[in-house]
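Colleague: What shape does this take:
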Amino acid sequence: MHTTLIAPADLAALLAAEAPVRILDCRARLDDHAFGARAYAEGHLPGAVYANVDTDFAAPPGAGGRHPLPDDARLAARLREWGIDDTDQIVTYDDAGGPFAARAWWCIRRLGHRAVAVLDGGFKAWQGELTATSPPTAPGNFSIRPPLTREIDATTLLARLDSADLVDARARPRFEGREEPIDPVAGHIPGAVCLPFQENLTPDGRFRAPVQLAERFAGHGPETICYCGSGVTAAHNILAMRIAGLPEPILYPGSWSDWIRDPARPRAP
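Modeller: Residues are numbered from 1 along each chain as shown. I've put the predicted structure just below:
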């Protein structure tokens, strides 16, 4: 069972053995909502189905920020539509270093499915064949089980802000408030440290070794709260911490886009 990462060679071996594996193509661009479907149609891994990060792994923007968590029952129904069973190994991938695949990974784990992993290196690391054909799927039996994840809302976070261990996954210019290309207000939640998700990766786009990730997140433990702009790239840091063997941290799903909805909440700098 693969629960964090799966190497391309290991995925190829599962496919060759016709093992019960389901693949989700999570390619996306925050500034081009049609990109993922277009990329999927041009070519994808054999057996993969297209998973839309905006509509499958998020609810409509509004209360809860730009990417609120999807409804549990709706997501479970979607997973069944993709032919996923409770016993299947799920593999997610994108072509952007893993943030969208990690969001899918986290959401599926939130429904209690342990056998889900991100393809290390993503689409670019895949050396096997590609196809433009969508696989036929019979409905699966995916069921909701106790969550494997942890989360926090803005009200609870505000109450414990003075002692919170906050990790922001955004790039440093956004964290420091020097630029903000997406949200209407720049800055970060007071007390947070900036650990951009991109630095979890090696230059070739694969995750760093567990010992390196453990060093990167040293001092952060089970009460660490991960956030970003809208709860997507924060999942990348959660995945990195799990690869490092660290305890499951907490996700603030709404993240900065939700935090700034109430002007009374403190902001920095």
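
Colleague: I figured residue 222 was touching residue 248, is that so?
Modeller: Yes - in this structure, residue 222 sits in contact with residue 248. The criterion is C-beta atoms under 8 Å, and the distance is 6.7 Å. Just so you know, the C-beta spots here come from the backbone N, C-alpha and C atoms, and that holds for glycine as well.

Colleague: In terms of neighbours, single out the busier of these two.
Modeller: For residue 222 and residue 248, the more surrounded residue by other C-beta atoms under 10 Å is residue 248, and the numbers stand at 15 against 12.

Colleague: residues contacting the more buried one?
Modeller: Residues touching residue 248, when contacts are defined by C-beta atoms under 8 Å, 6 or more residues apart in numbering, comprise 148, 149, 150, 222, 238, 241, 242.

Colleague: what number of residues lie near the third one?
Modeller: Using other C-beta under 10 Å as the criterion, residue 150 is surrounded by 17 other residues.

Colleague: just the first one next, same as before
Modeller: Residue neighbour count, defined by other C-beta under 10 Å, stands at 17 for residue 148.

Colleague: for the second one, same thing?
Modeller: Residues lying near residue 149 (other C-beta under 10 Å) number 20.

Colleague: and if you look at the last one?
Modeller: Counted with other C-beta under 10 Å, the burial measure for residue 242 works out to 21 neighbours.

Colleague: State the three-state secondary structure for it.
Modeller: helix (DSSP: H, G, I helix; E, B strand; the rest coil).

Colleague: Where does confidence bottom out across the contacts of residue 248?
Modeller: Across the contacts of residue 248, the member with the lowest pLDDT is residue 222, scoring 92.

Colleague: residues contacting the closest residue in space to that one that isn't next to it in sequence?
Modeller: Excluding its sequence neighbours, the residue lying closest to residue 222 (C-beta to C-beta, 6 or more residues apart in numbering) is residue 247, at 3.8 Å. The contact partners of residue 247, taken as C-beta under 8 Å, 6+ apart, are 221, 222, 241.

Colleague: Surely residue 2 and residue 114 touch.
Modeller: No - look at residue 2 against residue 114 with C-beta under 8 Å: they stay out of range, at 9.7 Å.

Colleague: the more surrounded of these two?
Modeller: Of the pair residue 2 and residue 114, residue 2 is the one with more neighbours under other C-beta under 10 Å, namely 20 against 14.

Colleague: Quick check, pLDDT for the more buried one.
Modeller: Here, the pLDDT recorded for residue 2 equals 98.

Colleague: before we move on, what about residue 31?
Modeller: pLDDT, the model's per-residue confidence, is 86 for residue 31.

Colleague: swap in residue 137?
Modeller: Reported pLDDT for residue 137: 85.

Colleague: For it, give me the backbone phi and psi.
Modeller: When quoted as degrees, to the nearest 10, the phi and psi of residue 137 stand at phi -130, psi 140.

Colleague: what's the closest non-adjacent residue to it?
Modeller: Skipping the residues right next to it in sequence, residue 137 comes nearest to residue 83 by C-beta to C-beta, 6+ apart, at 3.4 Å.

Colleague: my read is the one you found is in a helix, agree?
Modeller: No - residue state for residue 83 (three-state DSSP) corresponds to coil; a helix is not indicated.

Colleague: For it, grab the count of nearby residues.
Modeller: 18.

Colleague: Return the residues in contact with it.
Modeller: Per C-beta under 8 Å, 6+ apart, neighbours of residue 83: 22, 49, 135, 137, 138, 139, 140.

Colleague: can you give me the helices for the stretch 51-200 of the chain?
Modeller: Chain-ordered helices for the stretch 51-200 of the chain, with DSSP state H, counting those that start in this stretch as the definition, fall at 72-81, 99-110, 122-125, 154-159, 172-175.

Colleague: buried set for the fourth one?
Modeller: Think helix 154-159. Judged by neighbour count using 16 or more other C-beta atoms under 10 Å, the buried positions of helix 154-159 are 154, 157, 158.

Colleague: That's all I had, so thanks and see you.
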